[in-house]
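Asker: Here's my sequence, what's the structure:
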Amino acid sequence: MRLTHLGHACLLIEAADRRVLVDPGSFSKGFAELRDLDAIVVTHNHGDHFDPGPAAALIRANPGAEVYTDPLTAQKLREEGLAAVPTAEGEPFAVGDVTVSPVGVLHAFNHEAMPQIPNVGFVFRADGEPTLFHPGDAYDAEPGEVDVLAHPLNAPWAASRDSIAFVARIAPKVFIPIHDALLSEAGRRMYATHIETFSGVDGLTYVDLRDDESATF
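Answerer: This is a model prediction of the structure:
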């Protein structure tokens, strides 16, 4: 499995001869030029995870890519004349030999004035490959055993203690910081160091992928 971090919450996943893009949002860059995608996956309908104009152009430029999203984003895309498959927890789907399992239901609570919209995290599995979990904007899903966690490092909806507790509960072998666009360099390192120090996960490996950097697992 090869992962490329395109900034904030956007990941390009290459596994089992398939290319899957997750969360092409407004804080990410480099996804507009991608071609030969097999699937585009969106966790929820917030601009930093799904930037409507560029994402729609990306969908049109990749006619062979199936689009799988939370129910709200699927509805918005259909209103624009674009096909999308709404996903739900407990209803896995396949992208070639990659099995994708939706987990979770709602976006994490932000504020009384902000309604909780649908949020679906995704677990990616393929024979001979590590299991990857991208949770979108929530820490409450139950993904099962995870090798690589794409971890939302910082958000208006998350305290540092919640971030640490999430990694401790999931207990991955590797965590990759995502959802980091609001952090300074010093803040980013502090959050990651706290996770390494206080999560209590034995053998946890921190892999720091910056914008457009890749790693193979």
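
Asker: tell me what the longest helix along the chain is packed against?
Answerer: Of all the segments of type helix in the chain, defined by DSSP state H, the longest one is helix 185-198. Here helix 185-198 touches helix 160-170, strand 174-178, strand 205-206, going by 3 or more Cβ pairs under 8 Å, 6 or more residues apart in numbering; DSSP states H and E. In this view, the C-beta of every residue, glycine as well, is placed from N, C-alpha and C.

Asker: Between helix 160-170 and the second one, find me the angle.
Answerer: Between the axes of strand 174-178 and helix 160-170, defined by axes from the mean of the first three to the mean of the last three Cα atoms, to 10 degrees, the angle is 150 degrees.

Asker: Show the backbone phi and psi for the spatially most central residue of the chain.
Answerer: Against the mean C-alpha coordinate of the chain, by Cα atoms, centre = their mean, the closest residue is H134 at 3.7 Å. For H134, the backbone dihedrals (degrees, to the nearest 10) come out as phi -110, psi 110.

Asker: so what's it closest to, chain neighbours aside?
Answerer: Closest residue to H134 apart from its sequence neighbours, by Cβ to Cβ, 6 or more residues apart in numbering: A150 at 4.4 Å.

Asker: can you pull out the helices in this structure?
Answerer: Taking DSSP H as the criterion, the chain carries its helices at 52-61, 71-79, 160-170, 185-198.

Asker: With only the CA atoms kept, save the longest helix of the chain in PDB.
Answerer: Taking Å, rounded to 0.1, in the frame of the first residue of the first chain, the C-alpha atoms of helix 185-198 are listed here in PDB:
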ATOM      1  CA  GLU A 185       4.700  23.800  12.600                       C
ATOM      2  CA  ALA A 186       5.300  24.000  16.400                       C
ATOM      3  CA  GLY A 187       1.700  23.000  17.100                       C
ATOM      4  CA  ARG A 188       1.800  20.100  14.700                       C
ATOM      5  CA  ARG A 189       4.900  18.700  16.300                       C
ATOM      6  CA  MET A 190       3.500  19.200  19.800                       C
ATOM      7  CA  TYR A 191       0.300  17.300  19.000                       C
ATOM      8  CA  ALA A 192       2.200  14.400  17.400                       C
ATOM      9  CA  THR A 193       4.600  14.200  20.300                       C
ATOM     10  CA  HIS A 194       1.800  14.100  22.900                       C
ATOM     11  CA  ILE A 195       0.300  11.100  21.000                       C
ATOM     12  CA  GLU A 196       3.600   9.300  20.800                       C
ATOM     13  CA  THR A 197       4.300  10.000  24.500                       C
ATOM     14  CA  PHE A 198       0.800   9.500  26.100                       C
END
